[in-house]
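K.L.:
fold the following and give me the result.
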Amino acid sequence: MKLKILHTNDVHSNFDNFAKVATLIKQHKDENTIVLEGGDFADFRSIELQGTKGMAAIELLDSLGYDALTIGNNEMFNGVDTLEHMASNSPFPFISNNLFKKDKTEINGVSKSVILKKNGLRILITGSSPNMGVFNEGLGIYMTDYKKEILEEINKNEGNYDICILLSHIGTFADEPLALEIPEIDIIISAHDHKLFTEAKVINNTIINSAGNYGEHLGIVELEINEGKVKLLHSATISSKDVDKDEQILSLLKINKEKAIEVLSEPLYKLPKALWHDVMEENPLTNLIAEGLKDILSCDIGLINSGICNAGIFHEMTKKKLIEVCPSPLNPTSFDIQGKFIREALEQSLDAQVCLADGRGPGFRGKFAGRLHIAGAEIVHDGKKVHAIYVNDIPLEDEKWYSVASSDFLQRGSIYEGLANNRNEKYLAEEIKDVIRLYANKEEFIERASMNRWKELSTVEELV
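P.N.:
Purely as a prediction, here's the structure:
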């Protein structure tokens, strides 16, 4: 008996590329085919997803006859309520064997495993989601040990299936040990760390394949199954680069974008004052975020990089404008750090090359890293070197520990590496864009945001 598996992973809402993958799926699909998604298909930077509570992603996958999806971290990032809404309304199963609500109850619509029947073949499909560690509580989730859960699903379904497929959004680094430790797994569709295999690997008779990321490739695995034994006939990851876009997918995207824009364009409020933005220059929008973070997390200092935003907001606040201006799904984050590392990061921020560095990193959707903006402090500098830093009018002490409200991007030491020397990190489930929404109509915060914190040495009277 033959089985063909077509698979995608880590598309991250790159729907232009996915429209090309759709063409490939239709070309390669036959009566022996199942289609699987390895997670992180739904990235909520997308207007289509934000405005439809994720259902635009479901429609795209359903239109191509996807048989199952495992839940990646990006499917979690818009909160458990959105995940439940998507999973409960999906015509194909959302699978995760190790993902629960933070009170350890099941997430509505999510299955630990399913048995799919194809031409008489019984296929056990289970899937594992990545443990987000300290983010779990902020996201409202609880994670169990994926190895234990995989074994439990295999044992629970013993005798009821012919082959076992694992959709693993843990990462390829974890999948090879799984193949060695759990020989009952016949096929692993690997995801999360964006690895592209030119062909499937076979380890301990387990077949592992991964299709890279961003919809740039479609994975294909062709098998022959005889009396429970699985033989690999062919495997590949096919580039979508020069493929025509599927018209059905483009039509669905157009319809859902129109729906989303209508929903997201409803005015939230008028701005009391325009909030302009600049990657290099101190600006009121980024200062407002720093002020809002400091307030919402009750810290000594608010600290954020201007690359978190792409543009300013001038007249009216809408959800659509927030997504366009601040697309990164980063979380407000607090941590404790010594003054010397704050000083080091602020001094780095005077370097244009640092500010204009490629800001790419986990969860970051901006082009440039941007200049650091601060609340609760003032910096005296000469354009190249920091001469003094005052926290609440008191000179910053290098060895003293300060509480800082920031983003998880900076807390990890992205671009500003010294900031990784922190402790006692805590995360909120909200996103940085929510801080803008909450504070952009508060006149006292807007007034503070218009006051410069970076003081040129020549303008500071007492130091002239």
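K.L.:
I'd guess Ile115 is in a strand, am I close?
P.N.:
Yes. Counting by DSSP: H, G, I helix; E, B strand; the rest coil, Ile115 is part of a strand.
K.L.:
could you count how many residues lie near it?
P.N.:
Using other Cβ atoms under 10 Å, Ile115 has 13 neighbouring residues. Quick note: C-beta positions are derived from backbone N, CA and C, even for glycine.
K.L.:
ok, it touching Ile123?
P.N.:
Yes. Between Ile115 and Ile123 there is a contact at 6.8 Å, judged by Cβ atoms under 8 Å.
K.L.:
and the lowest-mean-pLDDT helix or strand in the chain, what does it pack onto?
P.N.:
In the chain, no helix or strand scores lower on mean pLDDT, DSSP states H and E than helix 136-139, which sits at a mean of 78. Applying 3 or more Cβ pairs under 8 Å, 6 or more residues apart in numbering; DSSP states H and E, one finds that helix 136-139 contacts strand 422-427.
K.L.:
direction included, what does the strand it packs on pair against?
P.N.:
strand 332-338 (antiparallel) (DSSP bridges).
K.L.:
what sits up against the strand it pairs with?
P.N.:
For strand 332-338, the external contacting residues (Cβ atoms under 8 Å, 6 or more residues apart in numbering) are 293, 296-297, 299, 398-408, 410-411, 419, 421-428, 430-432, 434-435.
K.L.:
buried ones in stretch 303-316, by neighbour count?
P.N.:
Within stretch 303-316, the residues that count as buried by 16 or more other Cβ atoms under 10 Å are Leu303, Ile304, Asn305, Ser306, Gly307, Ile308, Cys309, Asn310, Ile313.
K.L.:
for the fourth one, which non-adjacent residue is spatially closest?
P.N.:
In space, Ser306 comes closest to Gly370 once its chain neighbours are excluded; the distance is 3.4 Å by Cβ to Cβ, 6 or more residues apart in numbering.
K.L.:
shared neighbours of Ile115 and Ile123, anything?
P.N.:
In contact with both Ile115 and Ile123: Tyr161, using Cβ under 8 Å, 6+ apart.
K.L.:
those strands in the stretch 1-150 of the chain, which residues are they?
P.N.:
Remark: strands assigned in the stretch 1-150 of the chain by DSSP state E, counting those that start in this stretch are 2-8, 33-37, 68-70, 94-95, 99-101, 110-111, 113-118, 121-128, 141-143.
K.L.:
which one of these lies closest to Ala211?
P.N.:
strand 2-8 (5.8 Å; Cβ to Cβ).
K.L.:
give me every residue that touches Leu250.
P.N.:
Ala19 are the contacts of Leu250 under Cβ under 8 Å, 6+ apart.
K.L.:
that one: which element?
P.N.:
helix 247-264 (DSSP states H and E).
K.L.:
any idea of the mean pLDDT in that helix?
P.N.:
Taken as a whole, helix 247-264 has a mean pLDDT of 95.
K.L.:
the closest residue to Ile289 other than its chain neighbours bridge partners, please.
P.N.:
With Cβ to Cβ, 6+ apart as the criterion, Ile289 has its nearest non-adjacent residue at 4.9 Å, and that residue is Ile304. Beta-bridge partners for Ile304, by DSSP bridges, are His373.
K.L.:
Ile304 and Arg343: what is the separation?
P.N.:
According to Cβ to Cβ, to the nearest Å, Ile304 and Arg343 sit 17 Å apart.
K.L.:
do the same with Lys104
P.N.:
43 Å.
K.L.:
same question, Lys455
P.N.:
From Lys455 to Arg343 the distance is 15 Å (Cβ to Cβ).
K.L.:
circling back: return the per-residue confidence for the residue nearest to Ser306.
P.N.:
At Gly370, pLDDT is 93.
K.L.:
equivalent analysis for Ser328, please.
P.N.:
Value for Ser328, per-residue pLDDT: 86.
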